[in-house]
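Peer 1: give me a model of this one.
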Amino acid sequence: MRFGLKRIVIGLAALATLATAVPLIAAAPASAAVASPVATVNGSVTMSPTSGTKSGNNYTSFSITLNSSSACPGDSASGNYLWQTFIIDASVDLQSVQFGSTGPVLTESADTGKLARALYNSSNARVVNKQTDIGSATNGPITGIGTVKFSANTSGTANITDGNYNVGVACTLAGQSTTQLKSLWSTVVTFSGSGTAWSTSQANTQFTPVKPARVFDTRPGFSGGRVVTQDKPGPDTPMCVTIAGTSGVPVGAAAVVLNVTATETAGAGFVTVYPDGETRPTTSALNYDANGTTSNLVFARLSASGRVCFYSMVPAHLIADVTGWIPSGASFTSVVPSRAFDTRPGFTGLLSVTQTKLAPSNVLEVPLTNLGTSGSVVPSSGVGAVALNVTVTETEGSGFITVYDCGTRPTASSLNFATGQTIPNAVIAKVSGSGSVCFYSSVAAHVIADVAGWFSSTGTFTSFTPARAFDTRASELDGLIVVAKSMIGPLGVLQAQFTSLGELVPSSGVSSVSLNVTVVGATGPGFVTVYDCGTRPNASSLNFGLGDTKSASVVVPVSSTGDVCFYSMTETDLVVDINGYFS
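Peer 2: Prediction:
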């Protein structure tokens, strides 16, 4: 059998998220879980003008407007509520922020040195600890924000470092030495030109990777950036979680890249991930067996309030890690997941295909542009690649699926499977010149494909024919990177440089790489974590069992020297392919 070693798709991993490390624990009683965020992300603010510059010590001033119904949960007289202004590094979890006498206070050690301060008025005074409007209303309307600016405009004012920042207004409840954040309104502002220009249109309009971070975990005794009921969500009620404003995802993000894991499942079933407020689509983000642990990459579109819903067909514990986010107007456009096709008799999708198992004697070619009514899911032009969730089921043997842009089929695979298995994998598939994508199966199997979004043909994701980066197996040839020919395990970390890879990856200007990571011959159950070196995060890229050959797509930030680190909980050989990078 061929392993999913040269992952064919243009990004089989593109935008991949790291799977969750899942230690075994006792199962909790089954019931629906409901998110309980500490603070409410109420919406966005409007800034006017929407861009500005720095001249001398002065940044362009601007006004902030909230919608007419914006208010604190209570007023300053009876409820001790105040309102604050802020500019905070977008990688900071806003749930962790408190407010002192001079503005926002960062409480996490990982945020040391990041920008967090109040905005200033025309008199160079901080706009903080302001009283709400006190009247007959039961809440506290926010009034009198006026014109504000990013700094005090005094001699020697330093430029703000290039990057993304949350800018807006927060309601706080007075406490002891600090006040607790209760609700907020925010937008993303991008600084560029060494801090000399800012804009709300987000100069960074691409996928922004973050160090993998746990968003939530429904298992008792485990935690994440969001507080959820620690019980198994089931089919009665979806679990909806606010993701914007936590785990490095700014308020105003359009979509997130998650690794969703189901464990301690009460039966065979699936998970659907979709924006809050939308009708649950007839698609699956993740398929699982009874009593299994399964994870998959998910491109999740956010609702206007930054929320995502998780539906499980049967009770199961769910864990979600975030590895990146996508702003509005990016070259990647997320959509509500849509079933593109299904080869099983009696099932339908947007495309009509022959409803029989895909076999090695034939290749299924499907048009994946101009998809939906008048191209509402994927347009007819300007598309470079599509983000898919590809699932195989009723497999008649062990084998693999190859997804590619038609033409000559590459020696690579997108998905590995065993006899009788139902298993998904995320695939970013380059489209052909006519907008088609081809699917090949090494043994007979039914294939289902859901569309999660599409990449512009002029974006900053550079794709190429998948290439072997390295292979730790002693019997196999070296790849582009020479590594020790021995299994990796918990006593060491394999560190490899993924920039300056010949003509494929340049030496500079690379933010993250798109990989397919495969374990072969694992000596026991465990997980692999792929990260940008430094402190290893509490997340994993791939969960596996004893003797497994299993793969997962990963998009991972590179370190300042272009390195990526690989850790395995138990000894296993590791095979890594690269299929693209983000500038």
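Peer 1: please, which helix or strand holds Ile294?
Peer 2: You called it Ile, but residue 294 is Thr. strand 293-301 (DSSP states H and E).
Peer 1: now the residue lying closest to Ser381 once chain neighbours are set aside: how far from Ser380?
Peer 2: Here the nearest residue to Ser381 in space, its sequence neighbours aside, is Thr369; by C-beta to C-beta, 6 or more residues apart in numbering that works out to 7.2 Å. Just so you know, the C-beta spots here come from the backbone N, C-alpha and C atoms, and that holds for glycine as well. Counting by C-beta to C-beta, to the nearest Å, the gap from Thr369 to Ser380 is 5 Å.
Peer 1: got it, and Val92?
Peer 2: Using C-beta to C-beta, Val92 is found at 40 Å from Ser380.
Peer 1: one more: Val443?
Peer 2: If you measure Val443 against Ser380 using C-beta to C-beta, the figure is 34 Å.
Peer 1: which of the two has more neighbours?
Peer 2: Neighbour count, other C-beta atoms under 10 Å: between Val443 and Ser380, Val443 has more, with 19 against 12.
Peer 1: give me every residue that touches the more buried one.
Peer 2: If you count contacts by C-beta atoms under 8 Å, 6 or more residues apart in numbering, Val443 has them with Ala359, Pro360, Thr395, Glu396, Gly397, Ser398, Gly399.
Peer 1: and those, which of them are in strands?
Peer 2: Gly399 (DSSP state E).
Peer 1: of all pairs in the contacts of Val443, which one is the farthest apart?
Peer 2: Ala359 and Ser398 (14.6 Å; C-beta to C-beta).
Peer 1: isn't Gln421 right up against Thr391?
Peer 2: No. Using C-beta atoms under 8 Å, Gln421 is not in contact with Thr391, being 10.3 Å away.
Peer 1: which of the two has more neighbours?
Peer 2: A count of neighbours by other C-beta under 10 Å puts Thr391 above the other of Gln421 and Thr391, at 26 against 16.
Peer 1: that's a helix at the more buried one, yeah?
Peer 2: No. According to DSSP: H, G, I helix; E, B strand; the rest coil, Thr391 belongs to no helix; its state is strand.
Peer 1: isn't Leu297 up against Val257?
Peer 2: Yes. The criterion here is C-beta under 8 Å, and Leu297 meets it with Val257 at 7.1 Å.
Peer 1: longest strand in the protein, by residue count?
Peer 2: The chain, longest strand under DSSP E: strand 179-192.
Peer 1: could you dump it to PDB, C-alpha only?
Peer 2: The C-alpha coordinates for strand 179-192 follow below in PDB (Å, rounded to 0.1, in the frame of the first residue of the first chain):
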ATOM      1  CA  THR A 179     -11.800  46.000  36.400                       C
ATOM      2  CA  GLN A 180     -13.200  43.000  34.600                       C
ATOM      3  CA  LEU A 181     -14.000  43.000  30.900                       C
ATOM      4  CA  LYS A 182     -17.700  42.300  30.400                       C
ATOM      5  CA  SER A 183     -18.500  43.200  26.800                       C
ATOM      6  CA  LEU A 184     -16.700  44.800  23.800                       C
ATOM      7  CA  TRP A 185     -17.000  46.200  20.300                       C
ATOM      8  CA  SER A 186     -14.000  46.100  18.100                       C
ATOM      9  CA  THR A 187     -12.500  46.100  14.600                       C
ATOM     10  CA  VAL A 188      -9.100  45.100  13.200                       C
ATOM     11  CA  VAL A 189      -6.600  47.800  12.300                       C
ATOM     12  CA  THR A 190      -3.400  46.900  10.400                       C
ATOM     13  CA  PHE A 191      -0.300  49.000  10.800                       C
ATOM     14  CA  SER A 192       2.300  48.900   8.000                       C
END
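Peer 1: quick one: mean pLDDT over that strand.
Peer 2: The pLDDT scores in strand 179-192 average 78.
Peer 1: ok, now stretch 556-576?
Peer 2: Average pLDDT, stretch 556-576: 91.
Peer 1: give me phi/psi at the residue nearest to Gly277 when sequence neighbours are not counted?
Peer 2: Spatially, and ignoring its direct neighbours in sequence, Gly277 is nearest to Ser303 (5.0 Å; C-beta to C-beta, 6+ apart). When read as degrees, to the nearest 10, the backbone of Ser303 gives phi -70, psi 180.
Peer 1: give me the pLDDT for Ser303.
Peer 2: Ser303 is given a pLDDT of 91.
Peer 1: before we move on, what about Gly534?
Peer 2: At Gly534, the model reports a pLDDT of 79.
Peer 1: so what's it up against?
Peer 2: Contacts of Gly534 by C-beta under 8 Å, 6+ apart are Lys211, Ser559.
Peer 1: switch to 7 Å and redo it
Peer 2: Applying C-beta atoms under 7 Å, 6 or more residues apart in numbering, we find Gly534 in contact with Ser559.
Peer 1: now it: which helix or strand?
Peer 2: Using DSSP H and E, no helix or strand contains Gly534.
Peer 1: residue ranges with poor pLDDT in the stretch 451-583 of the chain?
Peer 2: 459-460, 463, 465-466 (pLDDT under 70).
Peer 1: 90 - rerun?
Peer 2: For the stretch 451-583 of the chain, applying pLDDT under 90 flags the ranges 452-468, 476-479, 502-504, 508-521, 525-560, 575-583.
Peer 1: for the stretch 301-450 of the chain, same thing?
Peer 2: For the stretch 301-450 of the chain, applying pLDDT under 90 flags the ranges 301, 304-306, 321-337, 383-389, 398-433.
Peer 1: could I get the full set of strands for it?
Peer 2: Applying DSSP state E, counting those that start in this stretch to the stretch 301-450 of the chain gives strands spanning 307-312, 317-327, 332-342, 364-367, 383-393, 399-404, 415-417, 423-430, 436-441, 446-456.
Peer 1: with respect to Phe191, which of those lies nearest?
Peer 2: Comparison of the strands of the stretch 301-450 of the chain against Phe191 by C-beta to C-beta identifies strand 317-327 as nearest, at 14.2 Å.
Peer 1: for that closest one, name the packing helices and strands.
Peer 2: The contact analysis (3 or more C-beta pairs under 7 Å, 6 or more residues apart in numbering; DSSP states H and E) places strand 317-327 against strand 208-217, strand 253-263.
Peer 1: which stretch in those strands has the least confidence?
Peer 2: strand 208-217 (a mean of 79).
Peer 1: tell me what angle that strand forms with strand 317-327.
Peer 2: Interaxial angle of strand 208-217 relative to strand 317-327 (axes from the mean of the first three to the mean of the last three C-alpha atoms, to 10 degrees): 150 degrees.
Peer 1: isn't Ile319 right next to Asp217, touching?
Peer 2: Yes. Using C-beta atoms under 7 Å, Ile319 makes contact with Asp217 at a distance of 4.7 Å.
Peer 1: more neighbours, these two?
Peer 2: A direct count of neighbours by other C-beta under 10 Å for Ile319 and Asp217 places Ile319 higher, at 26 against 23.
Peer 1: and the more buried one, what are its bridge partners?
Peer 2: Asp217, Thr261 (DSSP bridges).
Peer 1: still on that earlier bit, burial measure for the residue nearest to Ser381, as a count.
Peer 2: 20.
Peer 1: next one: it from Val451, what distance?
Peer 2: 11 Å.
Peer 1: mutual contacts of the two, please.
Peer 2: Here Thr369 and Val451 have Val378 as joint contacts, going by C-beta under 7 Å, 6+ apart.
Peer 1: for Leu66, which non-adjacent residue is closest in space?
Peer 2: Trp185 (5.3 Å).
Peer 1: apologies, that question was intended for Arg226.
Peer 2: Nearest residue to Arg226, sequence neighbours excluded (C-beta to C-beta, 6+ apart): Phe216, at 4.6 Å.
Peer 1: state the distance from the one you found to Thr242.
Peer 2: According to C-beta to C-beta, Phe216 stands 10 Å off from Thr242.
Peer 1: same question for Val377.
Peer 2: Noted for Val377: a distance of 26 Å to Thr242, by C-beta to C-beta.
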